[in-house]
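Participant: with the sequence up front, the predicted model follows.
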Amino acid sequence: MRGETDREPGLGVGAVARRLGLAAATLRTWDRRYGIGPSGRSPGGHRRYTPVDVARLEAMQRLILAGAPPGEAAHVALREPPGEPRPPRGHGAGGNRVPVGEAPAGADTAEVRGLARAAMSLDVPAMNDAVRTAIARDGVVRAWDGLMVPVLVGIGRKHASSGGCVEVEHLLSTVVLGGLAEVPPPARPVNVRPVLLACAPEEQHSLPLYALAAALAQGGVAASLLGARVPADALAAAIRRTGPGTVFVWSQIARTGDPDWLADLPGTRPAVRLLAGGPGWRRDRLPDAVRFVTSLSQAVTEILDGPAAP
């Protein structure tokens, strides 16, 4: 069977998923929702991804990693003439290479490679130095987008394709969390009303919330971080007890992205502002009162400009 598949033109969904470090289900969803799927056919009539299809998917993936919503990224990738597919990029130690994510313009690629090598070597001092140096020099937002996210995404891809690197992901996340936690809270917060940060119910990926809390602290905003797996009734109770100006809720995976419960959160006087972020949300079903943000910098700007401001 392997030989027959290899002789067929183009690539199947499993092969493309492994190449991009994505789940096959994600590629099928992109095909169904956004029309960015395989255009070729095997002699047996099976759909196959051509080199042009793969190049478009790579372009879409780069745009999503840069903060674009999936629908917009697909539209741009389908509209622009694609180039040849890129060979996978990787950085690591001892032959263990990390397919690092795309860093924004101006990011130091040597630092990204260095953090990837340190992570794969489980070199805690080197990881600590890279993360803390970037935060101190560039601020949380630039350090997060330009250094931490590309390496975390790359390690996540490697885990998705191989099943390994769990220890690498956990250790790097711990180091990143430690660096973010060292950002001091503002001595004189600019916000009068509280800001609440929470993960959706059953959502365990809370690291982006710590990045947001640290970035807000650098902007003078004090925030209360409720953490992972916050039940809807617990978040509702926190809103009633604190009267926040802004509530931000994170969903990383599709299983936690059903937004219907957001409409049942209590309002306050003055009104609370609800923000949602993360790739897990079903954006087409978000309540009208919920504003979706696509990046750390946008979340910080929305909170600074919203009811949290004096």
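Facilitator: That came through, no problem.
Participant: distance of the closest residue to Pro259 other than its chain neighbours relative to Arg193?
Facilitator: Setting aside the residues directly before and after it, Pro259 is nearest to Leu286 in space (CB to CB, 6 or more residues apart in numbering), at 4.8 Å. C-beta coordinates here come from the backbone N, C-alpha and C atoms, glycine included. Applying CB to CB, to the nearest Å, the value for Leu286 to Arg193 is 23 Å.
Participant: cool, Pro231 as well?
Facilitator: 23 Å.
Participant: when these two are compared, which one has more neighbours?
Facilitator: Neighbours per residue, other CB atoms under 10 Å: of Pro231 and Arg193, the larger number sits with Arg193, 18 against 13.
Participant: for the more buried one, phi and psi?
Facilitator: In this entry, Arg193 is assigned phi and psi values of phi -90, psi 150 (degrees, to the nearest 10).
Participant: what's the neighbour count on the residue nearest to it when sequence neighbours are not counted?
Facilitator: Spatial nearest neighbour of Arg193, chain neighbours left out: Gly245 (3.5 Å); criterion: CB to CB, 6+ apart. Gly245: 22 surrounding residues under other CB under 10 Å.
Participant: just Ala217 next, same as before
Facilitator: Residues near Ala217, counting by other CB under 10 Å, number 18.
Participant: is it true that it lies in a helix?
Facilitator: Yes: counting by DSSP: H, G, I helix; E, B strand; the rest coil, Ala217 is found in a helix.
Participant: check what pLDDT it gets.
Facilitator: Looking at Ala217, its pLDDT reads 96.
Participant: show me the contacts for it.
Facilitator: Contact analysis of Ala217 by CB atoms under 8 Å, 6 or more residues apart in numbering lists 183-186, 223.
Participant: for stretch 178-187, which residues meet the burial criterion?
Facilitator: Going by neighbour count (16 or more other CB atoms under 10 Å), the buried part of stretch 178-187 is 179-180, 183, 186.
Participant: quick one: contacts of it?
Facilitator: So stretch 178-187 is contacted by 128, 131-132, 135, 140, 210-211, 213-214, 217-218, 220-222 (CB under 8 Å, 6+ apart).
Participant: need these in JSON lines (columns: distance to Gly37 and secondary structure).
Facilitator: Output for these, formatted as JSON lines (distance: CB to CB, whole Å; DSSP: H, G, I helix; E, B strand; the rest coil):
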{"residue": "Asn128", "distance to Gly37": "43", "secondary structure": "helix"}
{"residue": "Val131", "distance to Gly37": "38", "secondary structure": "helix"}
{"residue": "Arg132", "distance to Gly37": "43", "secondary structure": "helix"}
{"residue": "Ile135", "distance to Gly37": "40", "secondary structure": "helix"}
{"residue": "Val140", "distance to Gly37": "37", "secondary structure": "helix"}
{"residue": "Tyr210", "distance to Gly37": "36", "secondary structure": "helix"}
{"residue": "Ala211", "distance to Gly37": "33", "secondary structure": "helix"}
{"residue": "Ala213", "distance to Gly37": "38", "secondary structure": "helix"}
{"residue": "Ala214", "distance to Gly37": "39", "secondary structure": "helix"}
{"residue": "Ala217", "distance to Gly37": "43", "secondary structure": "helix"}
{"residue": "Gln218", "distance to Gly37": "42", "secondary structure": "helix"}
{"residue": "Gly220", "distance to Gly37": "46", "secondary structure": "coil"}
{"residue": "Val221", "distance to Gly37": "42", "secondary structure": "coil"}
{"residue": "Ala222", "distance to Gly37": "46", "secondary structure": "coil"}
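Participant: and of those residues, the nearest to Ala119?
Facilitator: Nearest to Ala119 out of the contacts of stretch 178-187 is Val131 (CB to CB; 10.3 Å).
Participant: my guess is that closest one meets Leu177, correct?
Facilitator: No: Val131 sits out of contact with Leu177 when judged by CB atoms under 8 Å, with a separation of 9.6 Å.
Participant: now Gln252: how far from Ala222?
Facilitator: 25 Å.
Participant: phi, psi for the residue nearest to Pro259 please.
Facilitator: phi -60, psi 140.
Participant: contacting residues for it?
Facilitator: 259, 262, 276, 292.
Participant: distance of it relative to His75?
Facilitator: From Leu286 to His75 the distance is 19 Å (CB to CB).
Participant: coming back round to it: farthest-separated two in the buried residues of stretch 178-187?
Facilitator: It's Gly179 and Pro186 that sit farthest apart of those, by CB to CB, at 18.0 Å.
Participant: and Leu172, what does it touch?
Facilitator: Per CB under 8 Å, 6+ apart, neighbours of Leu172: 115, 119, 127, 151-152, 155.
Participant: mind listing the helices for this structure?
Facilitator: Secondary structure of the chain (DSSP state H): helices at 2-7, 13-20, 24-34, 51-65, 70-79, 109-120, 124-138, 140-143, 149-162, 166-181, 207-218, 232-242, 296-305.
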